[in-house]
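Engineer: with the input below, show me the fold.
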Amino acid sequence: MEDIKMALIQIPHDMTELRVMMEQLKTMGKEVNEEKLIDQAVVDNAQQLLDEALEGHYFSCKLVDGDLIVYDVINLPAGTVKPLGNSFKEDFITDAEGLWHHLSSELNRIAGGR
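Structural biologist: Model (predicted):
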């Protein structure tokens, strides 16, 4: 994913930004996959929210079998966030703003329990 970090839009927050990012990457000669970019955007946005909640990078998160798993400082699962709909991809496409509110609430709940 280092190639993605070279784009002008670092972390897309909605489909408009994702499409701009895809065009930027294509212009740079990079191969793009919308689904992978959405997954990365969900994880990156969730990580930012988690870092804000904990005032630093103490926990990490990743998508596992369609859920967002949060890991604590010793890399043990600290919590799970389920998508609002059928998938985070669907949530991102249909209502990115609602997805970020959902993630913020759930991640604050998980971070607050520590």
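Engineer: can you list the buried residues in the top helix by length along the chain?
Structural biologist: Longest helix in the chain by number of residues (criterion: DSSP state H): helix 88-112. Buried positions in helix 88-112, judged by neighbour count with 16 or more other CB atoms under 10 Å: 88-89, 91-93, 96, 99-100, 102-104, 106-107, 110-111. C-beta: built from backbone N, CA, C; applies to glycine.
Engineer: quick check, residue 85 in a helix?
Structural biologist: No - assigned with DSSP: H, G, I helix; E, B strand; the rest coil, residue 85 falls outside any helix and is coil.
Engineer: quick one, phi/psi of it?
Structural biologist: According to degrees, to the nearest 10, the main-chain angles of residue 85 amount to phi -110, psi -140.
Engineer: I figured it hits residue 91, correct?
Structural biologist: Yes - with contact defined as CB atoms under 8 Å, residue 85 reaches residue 91; the gap is 5.4 Å.
Engineer: quick one: average pLDDT of stretch 20-35?
Structural biologist: Stretch 20-35 shows an average pLDDT of 94 in the prediction.
Engineer: can you give me the end-to-end span of it?
Structural biologist: As for stretch 20-35, its first-to-last residue distance stands at 15 Å under the measure CA to CA, to the nearest Å.
Engineer: in it, which residues are buried?
Structural biologist: Within stretch 20-35, the residues that qualify as buried by neighbour count (16+ other CB under 10 Å) are 21, 22, 24, 25, 32.
Engineer: and the last one, that's in a helix?
Structural biologist: No - with three-state DSSP as the criterion, residue 32 is located in coil rather than a helix.
Engineer: no further questions, thank you.
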